[in-house]
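> build the 3D model from these lines:
(chains A and B)
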Amino acid sequence: MVAAIVLVFISAILVLAGAPVLEVHGLLVTGAVGSWSKLAQVLRVWVPLTLCSCGLLYTFQIGLWNIGVEGQVMLGAIGATAVLRLGFDSALPGAVLGAALVVGMLGGALWALLAGLLKTWGGVNEIFAGLGLNFVAQGLILWLIFGPWRRPGVASMSGTEPFAESLWFPTPAVWRISPHALGLTLVALAATALVLRHTRLGLALRAVGGNPSASYLFGLKPGRLMLWAMGLAGALAGLAGTLQVTVVYHRLIPAISSNYGYLALLVVMLADYRLSWVPFIAFFFAALNVGSIQLPLVLQLDSSLSGVIQGALVLTVLLIHAWNSGKAGTRWTT
Amino acid sequence: MDDLNVLAVLAGVLAGASPIVLATMGETITEKAGLINLSLDGTILLAAMVAFLVAHDAGSLGLGFLAAALVGAGIAAVVGIAGVYMGQSQVAVGFVLTLMCRDLAYFLGNPYSRIQGPRLAPLPVPGLERLPLLGSLLFRHSLLVYLSVAVIATTWWYLYRTRWGLELRAVGENPQAAHARGIDPKRLQLLHALLGGALVGLAGGAFSLGIKPGWGRPQGAEGMGWIALAIVIFGGWHPLKVALGAYLFAFLQVLGIPLQSWWPSVPAQVFQVAPFPLMILALLLLGLTQKDTLQRWADAHPRVRKLLRSIQGRAPRALGRPYRQE
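The predicted structure is shown next:
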């Protein structure tokens, strides 16, 4: 039913825009899964999207709106780039890449903790703290690209100087996707499942998210747990940013986060905050993103159509959810 | 700086703040009724796009603004119906709409990118425009700027001097009690969401037909919806303080322009993010005034306490919580 409603809605939008409806739908499908190289491209988007979504599960679990996930991806990318620039002529490229992963995750975690502290200590709503820090992170990236890290010669929006190939995570020619990136994402999925379902931390996050005032009675400290959730979410987002640098672009570019953080929020909402659905919905959203790349080239339409479809899907599900659970169904109210 | 320069800056602030003023007044009304419309950023962009498109095709600025207001009210209706009548999270619905409306604006507005279109012309007030000093400061603006000032006064008057305003505040504070007094909280919330949304829509038109004329990706109004939401908090949900916040923000933006020429090597995009750390700082200052230690210290110093009281604002008690009949 959701699919039908969204299909009708999107078709109506396409008619409104004067676009050939069937051709657009066809292009979205073939553009995403029409060939192995397209599919590999979808997986390259799936990796950061899934990592960010895993992170967001921690923060949603405790009732936080971690909109700052976008900036946490950027700080991860900045941290990784800093390490790779320092270790560019190292004899141990493997160690440098390992260090980049650690520093990237730390960068994301620290940026998330900043938003968390603004919330728990400064009384700033996490939506505004996170969103503001996203813009700051974007400014920071631009400043680095045009300032201290600019290309020799001329600084440009195309980003920093690419890294030596020894500092790339290898991508086998037939695979077209880095096994390291896929492996790390699967590990993140498994670890998130483990932490949320089988550890005291997961239980505590859920308890506080369910009822912050009652959790005091059980000796739980909501403030500290919120920082834990933010830190974990930020580390996973930072990992996503690190992989964007080390696997996909091999340099720092202004659009390094590609809005995957914001999109991950939609993924988690559509998954109804359930981990088991996250990888599949992330795959579907990644396919929409990749499929829409063809739109401007073939039909001179804006690629933001994918965002409209994704938004319409989530909105429809939210509305149907509310409709079904009657007038008493609220889960995440602030 | 000589007098003329100061006047020009202040006149620029008055004009530059007009969209933010409209958006913040709209959101103040909505939130005073207890509903959060988080979709501002997307609403402003979609309304800006539609306003430009309609004004361009129909050749009428009036129709453009009307369409913008309708778009704003329409999006607010989704938030209102989902949040008030269906009990869905207002934050979730608003956030999804923010992203979706932005993308919808980019998608549908694509053919209208970077083309010439109509824009509001200044409309000097006959007679008054010749006043020394005040004439150039206050009376040589476009109709929209006069409107924005009028909306501030009207919002204040409506909220604090009319029966509807009283009912609206009652619902925002305690919908159960309001219901017991014979008010329908849900209907009232939805109606004010529509009213507030229409004002936010006008703000979109004020960008694309006024201070940032035209359409494109990016349009230039990106992020302004979030700033407007933060200003409502900063102003403590009081229309006059909120308006002051909007003018303060516009003033800082105007001040920022000469800063750019001091560091020519830094790209302009870096300066464009400047409002956001400012937003965090403002909210942080506000948050710190609510800390217990500061409160205790202030209690011992009457003057400080008075100052703190004037800064602090309190959110409507029922803000964001859907009303359920018991």
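
> report how many residues lie close to the residue of the stretch 101-250 of chain A found nearest chain B.
Ranking the residues of the stretch 101-250 of chain A by distance to chain B (CB to the nearest CB) places A:G123 first, at 2.7 Å. Any C-beta I mention is one placed from the backbone N, CA and C, and that applies to glycine too. By other CB atoms under 10 Å in any protein chain shown, the residues close to A:G123 number 17.

> any regions of the chain where pLDDT drops low?
All of this is about chain A. A:326-334 (pLDDT under 70).

> should've been chain B
In chain B (pLDDT under 70), the answer is B:1-4, B:325-326.

> dump the longest helix along it to PDB, restricted to CA.
Ranked by residue count, the top helix of chain B under DSSP state H comes out as helix B:239-262. Output of helix B:239-262 as PDB, limited to C-alpha atoms (Å, rounded to 0.1, in the frame of the first residue of the first chain):
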ATOM      1  CA  PRO B 239       6.900  37.900  19.600                       C
ATOM      2  CA  LEU B 240       8.700  41.200  20.500                       C
ATOM      3  CA  LYS B 241      11.800  39.400  21.800                       C
ATOM      4  CA  VAL B 242      11.800  37.000  18.900                       C
ATOM      5  CA  ALA B 243      11.600  40.000  16.500                       C
ATOM      6  CA  LEU B 244      14.500  41.600  18.300                       C
ATOM      7  CA  GLY B 245      16.400  38.400  17.800                       C
ATOM      8  CA  ALA B 246      15.600  38.400  14.100                       C
ATOM      9  CA  TYR B 247      16.900  42.000  13.700                       C
ATOM     10  CA  LEU B 248      20.000  41.200  15.800                       C
ATOM     11  CA  PHE B 249      20.700  38.300  13.400                       C
ATOM     12  CA  ALA B 250      20.200  40.500  10.300                       C
ATOM     13  CA  PHE B 251      22.500  43.100  11.900                       C
ATOM     14  CA  LEU B 252      25.300  40.600  12.500                       C
ATOM     15  CA  GLN B 253      24.900  39.400   8.900                       C
ATOM     16  CA  VAL B 254      25.300  42.900   7.600                       C
ATOM     17  CA  LEU B 255      28.300  43.400   9.800                       C
ATOM     18  CA  GLY B 256      29.800  40.200   8.400                       C
ATOM     19  CA  ILE B 257      30.100  41.500   4.900                       C
ATOM     20  CA  PRO B 258      33.100  43.800   5.500                       C
ATOM     21  CA  LEU B 259      34.800  40.900   7.300                       C
ATOM     22  CA  GLN B 260      35.000  38.900   4.100                       C
ATOM     23  CA  SER B 261      37.100  41.600   2.400                       C
ATOM     24  CA  TRP B 262      39.600  41.300   5.200                       C
END
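
> what is it packed up against?
Contacts defined by 3 or more CB pairs under 8 Å, 6 or more residues apart in numbering or on different chains; DSSP states H and E place helix B:239-262 against helix B:3-16, helix B:18-32, helix B:143-161, helix B:224-234, helix B:268-272, helix B:275-289.

> check contacts around the residue of the stretch 101-250 of chain A closest to chain B.
B:L283, B:L284, B:L286, B:G287, B:L288, B:Q290, B:K291 (CB atoms under 8 Å, 6 or more residues apart in numbering or on different chains).

> what sits closest to A:E23 if chain neighbours are left out?
Excluding the flanking residues, the one nearest A:E23 by CB to CB, 6 or more residues apart in numbering or on different chains is A:L299, at 6.9 Å.

> for chain A, what's its nearest residue on the stretch 201-326 of chain B.
In the stretch 201-326 of chain B, the residue that lies nearest chain A is B:G287 (2.7 Å; CB to the nearest CB).

> show me the contacts for B:G135.
B:G135 neighbours (CB under 8 Å, 6+ apart): B:L128, B:E129.

> quick check: phi and psi at it.
Main-chain torsions, B:G135, degrees, to the nearest 10: phi -60, psi -50.

> show me which residues of the stretch 101-250 of chain B are close to chain A?
Residues of the stretch 101-250 of chain B lying close to chain A by CB under 8 Å from any CB of the partner chain are B:101-104, B:106-108, B:110, B:217, B:223, B:226, B:229-230, B:233.

> for the residues you listed, work out which two are farthest apart.
B:N110 and B:I233 (34.2 Å; CB to CB).

> as CSV, the contacts of A:G123 with neighbour count would be great.
Below are these laid out as CSV (neighbours: other CB atoms under 10 Å in any protein chain shown):
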residue, neighbour count
B:L283, 22
B:L284, 18
B:L286, 20
B:G287, 19
B:L288, 14
B:Q290, 14
B:K291, 13
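
> show me which residues of the stretch 1-150 of chain A sit near chain B.
A:13, A:16-17, A:65, A:67, A:118, A:122-125, A:127-129, A:131-136, A:138-139, A:142-143, A:146-147.

> if we go to 10 Å?
Within the stretch 1-150 of chain A, the positions adjacent to chain B are A:13-14, A:16-19, A:65, A:67, A:114-115, A:118-119, A:121-125, A:127-147, A:150 by CB under 10 Å from any CB of the partner chain.

> quick one, what contacts the residue nearest to A:E23?
Residues in contact with A:L299, defined by CB atoms under 10 Å, 6 or more residues apart in numbering or on different chains, are A:L14, A:A17, A:A19, A:P20, A:E23, A:V24, A:L27, A:L305.

> so can I have JSON lines of the residues you listed showing secondary structure and neighbour count?
Shown next, in JSON lines, are the contacts of A:L299 (DSSP: H, G, I helix; E, B strand; the rest coil; neighbours: other CB atoms under 10 Å in any protein chain shown):
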{"residue": "A:L14", "secondary structure": "helix", "neighbour count": "21"}
{"residue": "A:A17", "secondary structure": "coil", "neighbour count": "19"}
{"residue": "A:A19", "secondary structure": "coil", "neighbour count": "17"}
{"residue": "A:P20", "secondary structure": "coil", "neighbour count": "13"}
{"residue": "A:E23", "secondary structure": "helix", "neighbour count": "12"}
{"residue": "A:V24", "secondary structure": "helix", "neighbour count": "22"}
{"residue": "A:L27", "secondary structure": "helix", "neighbour count": "22"}
{"residue": "A:L305", "secondary structure": "helix", "neighbour count": "29"}
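
> now the residue of the stretch 101-250 of chain A closest to chain B: how far from B:T289?
From A:G123 over to B:T289 the distance is 9 Å, taken as CB to CB, to the nearest Å.

> any common contacting residues for those two?
What both A:G123 and B:T289 touch, as defined by CB under 10 Å, 6+ apart, is an empty set.
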